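Visitor: turn this into a model:
(one chain, ligands or ions: 2)
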Amino acid sequence: MTNRIRRALLFMPGDDRRKIEKGATLNVDSIIMDLEDGVALNHKELARQTVRTALNEINFGHTERLVRINPVQDDHSLWIHDLQETLEGHPDGYVLPKVQSAEQIQRVAEHLTRAERKYGWIDGSVRLLAIVETAMGFVNLSEIADSDPRLAALIFGAEDLAGDIGAVRTQDGWEVFYARSKLVLYAKARGLQAIDTPFVDLTAEDSHLRAATEQAHYMGYTGKLVIHPRQVAVIQSVFTPTPDQIRRAKALVAAHNQHQTQGRGVFAYEGKMVDMPMVRAAETILAQARAAGINLSEFEE
Ligand code: COA
Ligand code: MG
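Guide: Ligands and ions are numbered 1, 2, ... in the order given. Now for the predicted structure:
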């Protein structure tokens, strides 16, 4: 199943209908209606009803409709109620928090398979996105990434991870850098998207948000969690190739093709050596542009 583009994924508490309605108007790639940590324990039931009704009533346009459920655990069943009471609204997927093992993902997948049969939906069409944000989650990253064909993305959760390992969050983020980098490798090894932790400082200048998002993009991330509408434009733009990047990528691929027909695999281009890794990087940019709905034929080489 092809993976849709997920550059910005906007979170909102599932019990806040006003924010859900607002999220539906922002043209963001995905929204995540939260039933977990953004919802007080005594509002869980209200949040499930609000999410189900919103799914049935609101027109979200092209925006993907995701629901974050509570962690899959044996000792309490919040997550099962979350699933049972929202499935009828037919969300596009579920976001699973604090994932520590492949089995947790497979348990949710079994519920989804049953629901797809019951409602006559396409087999495997309800997707899963796993937030990895505990020490055990990172130890088991390989089995998590390989757990189930419904899995579309791994999401990095820095705040919970810092709490779990006793790290102190700093501006540079070195305390979580190994985990942030590891997540990209395991996601890409399995053909999954890698989505970065949210930028939680709502008072920071846009330039700080842009720098943090660019750093994720340079590391191989293809999207980032969003917690306020104000962050959407910056994040979505960082993960969208610019016209200049597209032109350069097209020109580089064309130069490569021309040299190939002349029997040359490596050549100098604008003062730099070019061989397959650079060509693949250019092709990745073109694929990202296509996924963002950009018509490449409009760009001159
Ligand atoms: N999604 C949709 N709309 C949002 C939003 C969000 N995440 N955050 C704010 N808005 C809306 C507000 O409802 C308000 O709309 P209005 O003017 O029509 O009333 C407008 O944007 C401005 O909001 P603002 O006053 O700046 O923020 P706030 O004080 O209402 O909310 C937060 C601040 C942090 C509570 C809010 O941004 C939020 O809920 N973020 C998501 C938190 C979350 O889900 N966390 C769990 C995962 S990390
Ligand atoms: Mg979390």
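Visitor: can you list the domains in this protein?
Guide: Domain assignment for the chain by automatic domain parsing gives 8-238, 243-298.
Visitor: I'd like those domains laid out as TSV, including mean neighbour count and mean pLDDT.
Guide: In this view, the C-beta of every residue, glycine as well, is placed from N, C-alpha and C. What follows is these, written out as TSV (neighbours: other Cβ atoms under 10 Å; pLDDT from 0 to 100):
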stretch	mean neighbour count	mean pLDDT
domain 8-238	18	97
domain 243-298	14	94
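Visitor: name whatever forms a beta bridge with residue 13.
Guide: Residue 13 has these beta-bridge partners by DSSP bridges: residue 34.
Visitor: so which elements touch the host helix or strand of residue 116?
Guide: Using DSSP states H and E, residue 116 sits in helix 102-119. On a contact count with 3 or more Cβ pairs under 8 Å, 6 or more residues apart in numbering; DSSP states H and E, helix 102-119 meets helix 78-86, strand 93-96, strand 127-132, helix 141-145.
Visitor: so the residue in the stretch 151-300 of the chain that ligand 2 sits nearest to versus ligand 1, what's the distance?
Guide: Residue nearest to ligand 2 within the stretch 151-300 of the chain: residue 160 (4.0 Å; Cβ to the ion). Computed as Cβ to the nearest ligand atom, to the nearest Å, the residue 160 to ligand 1 distance reads 9 Å.
Visitor: that residue and residue 289: what is the separation?
Guide: 33 Å (Cβ to Cβ, to the nearest Å).
Visitor: cool, residue 108 as well?
Guide: 33 Å.
Visitor: can you give me the helices for the stretch 201-301 of the chain?
Guide: Counting by DSSP state H, counting those that start in this stretch, the segments of the stretch 201-301 of the chain that form helices are 206-219, 232-238, 243-261, 276-291.
Visitor: quick check: the residue lying closest to residue 197 once chain neighbours are set aside vs residue 200, distance?
Guide: Nearest non-adjacent residue to residue 197, counting by Cβ to Cβ, 6 or more residues apart in numbering: residue 158, 3.9 Å away. Distance check for residue 158 against residue 200: by Cβ to Cβ, it reads 9 Å.
Visitor: swap in residue 217?
Guide: Computed as Cβ to Cβ, the residue 217 to residue 200 distance reads 18 Å.
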